[in-house]
Structure formats: C-alpha cells, structure tokens
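Participant: My questions are about this predicted structure, shown below with the sequence.
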Amino acid sequence: MTRMDNVIEVNGLVKSFGTFRAVDGISFEVQRGEVFGILGPNGAGKTTALECVEGLQQPTSGTASVLGMDTQREVRRVKERIGVQLQASGYFDYLTLTEILELFGRFYPRRLAPGELLAKVGLQEKARSTVGKLSGGQKQRFSIAATLVNDPEVVFLDEPTTGLDPQARRNLWELVEQVHAEGRTVVLTTHYMEEAEVLCQRVAVMDRGVIVALDSPLNLVRRLPSPYRIRLQSRSPLPMEGLRALPTVREVARGGDGTYLLQAGDAASTVSALVEWARAHEVSFEQLEVKPATLDEVFLALTGRQLRD
Amino acid sequence: MAVWHLFVANLKMIARDKQALFWALVFPLIFVVVFGLFRLDQPSSAKLTVVDQSQDRVSLALVEGLKGAGVLEIDQSRDLASAREDLAKGQISFVLVIPPGMAQTVAGGATVREPVSLVLLYDQAHVMTIRVQSIVRGVVDRANLLLADAPSFLALTGEPVQARQIRYFDFLLPGFVGMGVMIYAVVGMATILASYRQEKILKRVLATPLSVGKFFVGLVLAHVVLALVQAGIILGAGVLLFHGHVYGNLFWVAVLVMLGNIVFLSLGFIVGSFAESSQAANGIGNAVTMPMMFFSGVFFSSDSLPAVMRVVVKYLPLTPLLEALRGVALDAKPLWDFPTQIAILLAWVAVTAVVAVRVFRFS
Ligand SMILES: Nc1ncnc2c1ncn2[C@@H]1O[C@H](COP(=O)(O)OP(=O)(O)OP(=O)(O)O)[C@@H](O)[C@H]1O
Ligand SMILES: [Mg+2]
C-alpha cells in the first residue's frame, strides 16, 4: 500500500473538554475502498474522534486529513466530498423525504436526485412522508440516503444500527455493503462486535480515548492467547482435569446440560487430541463445535472489562 | 441559491406547522375579534379644550362653570391655530373659543346689541358630540341667566370640523400587530432553535458545506415574510370586518413590522440558545414577551404608567415599535418623525445581534 491509497490520515489527535481528554492521542489511516470500524464502549471517544475527522469539532492538537485535505484548514472542501451520518440526528419535521433530500442537495456543488437516493435505500414509497412517520429502521435508512446526497467518496456512519432490532440491523448491514460496493470508503463506529466482524475489513478498538488495538477482525482474534472456543456436550460427566490437560487448552468451564467450553490456542491440534483422549477414556460426546473467539473477548482481553455492561 | 431554497423550505415548514400558525395568526386575530365585537370605545368623559382669549373675570367664571358641569375634562390652550390643528388630526375632539374682551362687553351692559359669540369646534364623528354640545349649551345658558338683563347676551355657535376618527379599536390594531409579531418571533424562533439543536439538525447542517450564516438568513427571511402576512391579516381583519381605520402609509407600517421582527427574532434566537429544550424555550419566550405585552402599550398608552416604570418601559423594544406604528398608521406621519423610536429599535438590533452570535451553540 502506498500513502496515496490513504483516504484518511489521523495523527496524534487529541480532543480535550476542560481537563478531560475524550480523545487522547490517536493515529490511524483508512485506505481507499475500505470499511473501517471504530469499536468501543460508551464514552470511549468514538463520536468525538469521528467528528474531529469530519471537521465538525476542532481537535485540541494533532491533525486529520481526508482525501489529502486538512480537515481544519480546508474544512469546506472536505465537507463537499464526504457524507456524514451523525449519531441519532433528526431532520426537519415538516418536510417530506423528497423535500429534505432536495434541500440538502442544494448545499453541495454536486448532488444526486432524491428519487434515486430513496430507491437506493428502499424508501421510494415513503417519498411524500415525513421523517416523524418512519419506523426506527426506516429512519436510519433515510439518514443514510441523506448521507449520500452529494455522492460522497467517503462516508462516515456513527452507530448506524444502535437501537435497531436484529432484522432491521441485518437490513442496514446490507445497505452498508451496497454503499461500499459502489466504491465508497466507509468509516463506521459501533458497540457491536458482530457488526464490526461482518462489515469491517479493519477495526480500531477504542477505550478511554485511545486505540488499544487496530487490525482485521480475524487478526485481532488470532492475537488472543486462546483464540478458539471448543464446545462439547456429553451425557456422562467428564473429568475437568483431563480436559484441562489437553494441548493448548487454557480454560475449561462447565455449563448446564453437560456442556463444556474449552478456550484453546489452536483448533486442529486440540480437537484431534480431544478425540484421542475420548477414545482412550471411553467417553463419548454428542456435539462438538469449534468457533473462533469473538471481538467481545478481544475487548475483554485488551481492557479487562466487558464491552457492554 | 441555497439561501433561496432554504427560504422556500422554511416557508413550507411554517405553513405546515399548525401550532406555529395558531400562535402567529389565530392568536392575534382572537384579540381583533374580541375587541372588534365589544363596543369598548364609549368613553364616559370627553376632553374639552378651551381657548380663552379674554382671560378675565367673566371668561374664568364660564370656565369654572364648565368644570362644574361634570363629564367634561377641561384643558386650556392659548393658541387657536394649534388647537384647530390638533382637532383636525384627531388628537382632540372639542374646542371652545371664548373671544377677547368678555368683561368689558358685559360691563357695557344693555348698550351692547350684538351678542358675544362663543364658538364650539367639534369633531362631527365623535361619539360624545351631542352630549358635549348640550352640556356646553347648558352652561352658556346658565351664564346668560346670571348676567340677568341680557338673556341672549352669549350666543353659542357650533362649528363641525372634519376630523380623523380614531376610535379605541383603531388604537388597538397597531398594538395587536406589534404584539403578534413580537410573540411569534420570540417564542417561535426560540423553540425552533432549541429543537434544531436538541434534534441535532443544526449539527447535521454543519456537516454540509453550507455556511451557518446562509442557514439563518433563509430562516429569518421566511419569518420576516410571516410577520408581514401576520400584520396584513390583523390589519385586514380589523379594517374589513370591524371597521377599524389605518390612515397612514402601509409601506412605513411594513418597514416597521420588519424592523421590529428582526429585533424579536434575535431575542428569540438568544432565548433559544440558552434554553435546554424546546419546551423550556417556549416557557422563557413567553416570560420575555408577557411583560412587554402588558406594559409596552398594546392595550393602553404606556403614558398612563407610573413615572418610574415609564422610564424602563420606554426602552423595551415593543414600546418604541408601537409608538412608531401608531404614529405612522393612525396619525399618518412619515417614518422619520420617530427618530428616537427608530434609534432604540436599531440599538436593540445591534445589541441582540452581537449577543446572539456570542451565545449561539451547535450542541
Ligand atoms: N462537548 C462535550 N463536553 C464535555 N464532554 C464531552 C463532550 N462531548 C463528549 N464528551 C465526553 O467525552 C467522552 C467521549 O464521548 P463520545 O461521545 O466521543 O463517546 P462515544 O464513544 O461516541 O460514546 P457512545 O458510544 O455512547 O456514543 C465522554 O465521556 C463524553 O462525556
Ligand atoms: Mg458516540
């Protein structure tokens, strides 16, 4: 990758409110065509960081540039080429969806037609409705349509799925994939590990104003001391010591229904050792499931805390 | 270009916001209808201006007699020309002219053939005209009796004057215009701003390349148009439905409405910047406008307030606006006859604009 491929460059970004440092010196790059995630708990500084990059907030120190333009010195030109979805922002109450998109389009030198935008997000039928009459999921989709009004090269989505039911969330993921497939670079923030795993090529894990890890979801998991989860179920009780003695196994926990959960450093060697061990001890098990650890566990390992409480 | 589209969009939003329309249009209209239906302008007394050109024993006795008759409030004036002028403008309604040399003439006694002629100038259209005429005639007749031997020594002649008929309702109309423009501009702007901030609409707009200035120019222009529509509807209803009068130049009325509107919009902007929510903005907006509605002379002239209050009230923005509006609408004066009022309003524009810019916040 050359530096030319960096659509966003952030260097030593700090944002303080009084003596409190909401963003405490973060640096990262986002490459063209990437879906980049910022993952972190409430108050981690995700929104603040994003808004500094979008030119909505002035960083206390450090720099951010988008498409090669400094987001402070060339804020207007930056805004012309990016699309911004704020965390839970409203739109005018007394205008129809078409009218809002039409109006926002006028703020830009280059714009897409309201009909085309509504079709992209599947809201053609609601063209003459007002935002107040939309469901939660429809509102978020409309807000993405508004984000695309200037046909932006870079799209920022701040918690696009927070507060949505699983169905609406999946629906929105498809929409983000579609926006990405149109060749736009996407930066999104989320609380949901699953969302980051599904959508993002790379994820910055943020906690208390700093980035504690930055990599692809798979690599983040792989870097865990025990990145695999092996679940098995047995009718007869199994000796815990025997399971614990298997190669690369770090932790064994017993659940209800005779299930056992093993945390392992390697999948293949542990599973084959497990099968041997079962044959040797003449025990059988009904189910065997092997999964990589989740980003939730990555967060726990990195910070010692749960992502959500 | 963007400003034009914002302006149109804001007009649409206003037109679709039923609550805003109620406060902007229906609320002041209720006042027009209520005061138009009740005949509130039946005064129980009338002011009589006496131009006493004699200033002697007899004329003074006559004036005392008039004072004793009740109903009449006597006001003395030396200058007939200015009294006539005031009468023509509708500022006063009755003038009694006592000619010079009353005492000598009376002393002359029966040798005088010609009766002395007192002239009552009156506003034909005034509701009290007949009553005042008969009271003055009664006093003059009694004076004649007292002067004994010459029963028709004093003669009273009446002289109708074509005066402007300014009823209490006419006085109220510009008051309602000022009140309507004030309340909607302050409360409306405050709630809009607070809710735009609360719902992060302001921040969403800030995320586009549009300048904040243009955003607010579009918003203010739409509200200025609303204020003009408001004034038009209030005056139109008053004049067409309830026979109110506007004598002055409507262009000056419009200029004043716009000037006042700008002051109140920026007041509303300041309120909206402080208020945490649109409900709070509504409450504070009402608290700011209520005292002005009562003290700045919507319903009665603020001249009748205690002196201490008058000093304060004089500088509240609604007071000069109403003074100038009434002067322009009722006395048909040009705008430049009100330099003090306009200066106070412009000072308010300047001060509120500076404060508004300083207290404004996006989130
Ligand atoms: N304008 C402000 N003034 C003072 N403190 C602020 C301000 N904005 C944010 N903060 C603080 O900075 C910290 C980071 O806030 P931020 O909104 O960036 O978090 P976040 O990661 O987006 O959280 P969430 O997931 O809840 O949206 C929080 O502790 C917040 O209270
Ligand atoms: Mg946030």
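Facilitator: Here it is on my side, so go on. Ligands and ions are numbered 1, 2, ... in the order given.

Participant: Name the residues that touch stretch A:237-246?
Facilitator: With Cβ atoms under 8 Å, 6 or more residues apart in numbering or on different chains as the test, stretch A:237-246 has contacts from A:249, A:252, A:254, A:258, A:260, A:262, A:264, A:270, A:273-274, A:277, A:281, A:283, A:285. Every C-beta, even on glycine, is put in place using the N, C-alpha and C of the backbone.

Participant: Identify the residues contacting residue 184.
Facilitator: No chain in the question, so chain A it is. Residue A:184 neighbours (Cβ under 8 Å, 6+ apart): A:83, A:152, A:153, A:154, A:155.

Participant: actually chain B
Facilitator: Going by Cβ under 8 Å, 6+ apart, residue B:184 touches B:20, B:23, B:24, B:226, B:227, B:230.

Participant: part of a helix, is it?
Facilitator: Yes: with DSSP: H, G, I helix; E, B strand; the rest coil as the criterion, residue B:184 is assigned to a helix.

Participant: So which residues on chain A come close to ligand 1?
Facilitator: Contact residues (Cβ under 6 Å from any ligand atom) of chain A with ligand 1: A:17, A:22, A:40, A:42, A:43, A:44, A:45, A:46, A:47, A:48, A:87, A:191.

Participant: Okay, and the beta partners of the closest residue to the third one other than its chain neighbours?
Facilitator: Spatial nearest neighbour of residue A:40, excluding adjacent residues (Cβ to Cβ, 6 or more residues apart in numbering or on different chains): residue A:206 at 3.6 Å. Beta bridges link residue A:206 to residue A:211 when assigned by DSSP bridges.

Participant: Can you give me the neighbour number for residue 59?
Facilitator: Unless you meant another one, I'm taking chain A. 22 (other Cβ atoms under 10 Å in any protein chain shown).

Participant: think we crossed wires, I meant chain B
Facilitator: 21.

Participant: element containing it, please.
Facilitator: helix B:57-68 (DSSP states H and E).

Participant: just how off-centre is that helix within its chain?
Facilitator: Helix B:57-68 has its C-alpha centroid displaced from the chain centroid by 34 Å (Cα atoms, centre = their mean, to the nearest Å).

Participant: quick one on the thing from earlier: which of the contacts of stretch A:237-246 has the largest number of neighbours?
Facilitator: Neighbour max across these (other Cβ under 10 Å) = residue A:264, 25 neighbours.

Participant: Show me what counts as buried in the helix holding residue B:59.
Facilitator: For helix B:57-68, the neighbour count (16 or more other Cβ atoms under 10 Å in any protein chain shown) marks B:58, B:59, B:61, B:62, B:63, B:65, B:66 as buried.

Participant: With neighbour count and pLDDT added, can I get the residues of chain A next to ligand 1 in a markdown table?
Facilitator: Below are the residues of chain A next to ligand 1 laid out as a markdown table (neighbours: other Cβ atoms under 10 Å in any protein chain shown; pLDDT from 0 to 100):
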| residue | neighbour count | pLDDT |
| --- | --- | --- |
| A:17 | 10 | 95 |
| A:22 | 20 | 96 |
| A:40 | 26 | 90 |
| A:42 | 9 | 90 |
| A:43 | 12 | 91 |
| A:44 | 25 | 93 |
| A:45 | 24 | 95 |
| A:46 | 26 | 96 |
| A:47 | 19 | 96 |
| A:48 | 21 | 96 |
| A:87 | 16 | 90 |
| A:191 | 17 | 87 |
